[in-house]
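S.K.: only geometry, no sequence info:
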């Protein structure tokens, strides 16, 4: 079982979004049979088996073992991953295009960049997994509290300048065998624990 699988196929994405099948995938974090799952979800084994076959056809479930139970062979299956991410490639006709929304202060451009990242890293991960090698990535995640909108704007300006300085220092387009890397830096308000509705006078512009 992989930690995360990125779903690019539209039919597989639809299968994973079905509430019952999503629950079966969650239950299949540990191997189980159709009869075992049927007891957990309160449905007939035949119906559970039907959904398992569909999930298996889309590569979301895989056979672990077959064992004899009485006069029949029982199939034990498991989800192929602990978690799934649906790539924008599954909705290729309507996925956002970062080239159309280029504005560093636009929340829509940020979403388009995140969408592209999921798609590109997903495809790279599929290739790396197939070749049984590690994918070289790096990420930073954290939170910062700004005293004011002006402080946030100043931080963004300094951060952009520093990133540009580092990029200029290490970028070498003529290096023999050099490999291009995608660099994305993002800053957005954190979600509130209870609600993300701003107070009337609170400034929430990106």
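M.R.: Noted; the coordinates are in hand. Keep in mind it's a predicted model, so treat the numbers as computed, not measured.
S.K.: Could you list the buried residues of stretch 156-175?
M.R.: Within stretch 156-175, the residues scored as buried using 16 or more other Cβ atoms under 10 Å are residue 156. To be clear about C-beta, it is placed using only N, CA and C from the backbone, and glycine gets the same treatment.
S.K.: Give me the distance between residue 118 and residue 58.
M.R.: According to Cβ to Cβ, to the nearest Å, residue 118 stands 19 Å off from residue 58.
S.K.: How many residues are close by the closest residue to residue 155 other than its chain neighbours?
M.R.: Using Cβ to Cβ, 6 or more residues apart in numbering and skipping residues adjacent in sequence, the residue nearest residue 155 is residue 146, 6.7 Å away. Residue 146 has 14 neighbouring residues, counting by other Cβ atoms under 10 Å.
S.K.: Quick check, residue 146 in contact with residue 187.
M.R.: No. Taking contacts as Cβ atoms under 8 Å, residue 146 lies outside contact range of residue 187: 9.8 Å.
S.K.: so what sits against both of the two?
M.R.: Counting by Cβ atoms under 8 Å, 6 or more residues apart in numbering, the contacts common to residue 146 and residue 187 are 152, 155.
S.K.: quick revisit: now the residue nearest to residue 155, what are its backbone angles?
M.R.: The phi/psi pair for residue 146 (degrees, to the nearest 10) reads phi -100, psi 140.
S.K.: roughly how far apart are it and residue 184?
M.R.: Remark: distance between residue 146 and residue 184 (Cβ to Cβ) = 21 Å.
S.K.: so what's residue 156 up against?
M.R.: So residue 156 contacts residue 187 (Cβ under 8 Å, 6+ apart).
S.K.: Roughly how far does the residue positioned nearest the centre of the chain sit from residue 75?
M.R.: Central residue of the chain (Cα atoms, centre = their mean): residue 85, 3.4 Å from the mean position. The gap separating residue 85 from residue 75 is 27 Å, by Cβ to Cβ.
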